[in-house]
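Student: Requesting a structural model of the entry that follows:
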Amino acid sequence: MLGNISQILEMKKKAEELKNKLEAITITETINGITVDCNGNRKILSIHIDAAKLSDKTQLEDHLVQTINKALENAEKANMAEVGAMAGGMPGLMGLFGK
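Tutor: Predicted structure coming up:
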């Protein structure tokens, strides 16, 4: 029984380490004059829009969605790479992240 508790505590510690590591990763994606920064936990950190893009609202919205989705896709890849690297030594860790 104590072995199971020890394993759970170790997995919790590893999950917290992973979360902190992913917070420190920054993914930057630029498409059509729009730059989106997000972290490995898929949180948007900043959005920068070239002033020339402000004249066409519809196009700006389309490009903004495209850029955000690409940044989040790349953040997901970074996230899964980190989870995979950490889970290599701990079977069952992937289940904590829904994958």
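Student: And the biggest helix by length in the chain, what does it pack against?
Tutor: Counting residues, the longest helix found in the chain (DSSP state H) is helix 57-87. Judged by 3 or more C-beta pairs under 8 Å, 6 or more residues apart in numbering; DSSP states H and E, the packing partners of helix 57-87 are helix 2-24, strand 26-31, strand 34-39, strand 44-49. The C-beta positions use only the backbone N, C-alpha and C, and glycine is treated the same way.
Student: Could you export the ones you listed as JSON lines, including mean pLDDT?
Tutor: Listed next are the helices and strands packed on helix 57-87 as JSON lines, based on pLDDT from 0 to 100:
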{"stretch": "helix 2-24", "mean pLDDT": "87"}
{"stretch": "strand 26-31", "mean pLDDT": "95"}
{"stretch": "strand 34-39", "mean pLDDT": "96"}
{"stretch": "strand 44-49", "mean pLDDT": "96"}
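Student: Please work out which of those is packed deepest.
Tutor: strand 34-39 (a mean of 20; mean count of other C-beta atoms under 10 Å).
Student: How far does that strand sit from its chain's centre?
Tutor: 11 Å (C-alpha atoms, centre = their mean, to the nearest Å).
Student: Taking their axis directions, it and helix 57-87 sit at what angle?
Tutor: Strand 34-39 runs at 30 degrees relative to helix 57-87, counting by axes from the mean of the first three to the mean of the last three C-alpha atoms, to 10 degrees.
Student: Give me the contacts around strand 34-39.
Tutor: With contacts defined as C-beta atoms under 8 Å, 6 or more residues apart in numbering, strand 34-39 is touched by 22-30, 44-50, 53, 60, 63-64, 67-68, 70-72, 75.
Student: try 6 Å this time
Tutor: 23, 25-29, 44-49, 63-64, 67-68, 71, 75 (C-beta atoms under 6 Å, 6 or more residues apart in numbering).
Student: Identify the residue nearest Ile31 in space, chain neighbours excluded?
Tutor: Leaving aside its sequence neighbours, Ile31 sits nearest to Thr67 (C-beta to C-beta, 6 or more residues apart in numbering; 4.4 Å).
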